[in-house]
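Peer 1: dropping the sequence and predicted coords here.
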Amino acid sequence: MKKFKRLGFFLNNDDLIIINDICKKTKLNKSALLRHLLRSSKYLEIANKLEKHNNLINEFLAEIHRIGNNINQIAYHLNIDITKHEESQESLKKELAELLPLLKEYKDKAFKATLDIAPKKFKTIKVENE
């Protein structure tokens, strides 16, 4: 069985108000909140995962933007009759062929990593006086 130790420390009024507000919002008592904050490395991991997801989305959007620009150029050239219809059709097929694997890669990467951001609930354990 685990042994638990009681720990006492002092807070100024401002810190106590902050802790009480957080306890009200999270519906945790002070002991559970402090244990929760001590285990904040999990939240750092989640923040890192979110940052990686954001970077992945940014890369994906940049690629989509590049391909969209290419498609707009193809449409522009079609409208002013600089390129032949067959040539433009081939360019469009090529751009779409690049887009499909990119979409699949994004889908695979985005759904492979799951984000577990629900906070873990900690029980308050009453320690009998030693």
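Peer 2: Noted; the coordinates are in hand.
Peer 1: going along the chain, name the helices of the protein.
Peer 2: Using DSSP state H, the helices of the chain run over residues 13-26, 30-38, 41-79, 85-112.
Peer 1: okay, those in TSV with mean neighbour count, distance to residue 7 and mean pLDDT next?
Peer 2: Heads up, the C-betas are built off the backbone N, CA and C, glycines and all. Formatted as TSV, the helices of the chain follow (neighbours: other Cβ atoms under 10 Å; distance: least, Cβ to Cβ, whole Å; pLDDT from 0 to 100):
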stretch	mean neighbour count	distance to residue 7	mean pLDDT
helix 13-26	11	15	91
helix 30-38	15	9	83
helix 41-79	13	20	80
helix 85-112	12	41	76
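Peer 1: format the ones you listed as a markdown table; extra columns: distance to residue 5.
Peer 2: Compiled in a markdown table, the helices of the chain are given as follows (distance: least, Cβ to Cβ, whole Å):
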| stretch | distance to residue 5 |
| --- | --- |
| helix 13-26 | 20 |
| helix 30-38 | 12 |
| helix 41-79 | 21 |
| helix 85-112 | 41 |
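Peer 1: and residue 2, which of the ones you listed is closest to it?
Peer 2: helix 30-38 (12.8 Å; Cβ to Cβ).
Peer 1: thanks a lot, catch you later.
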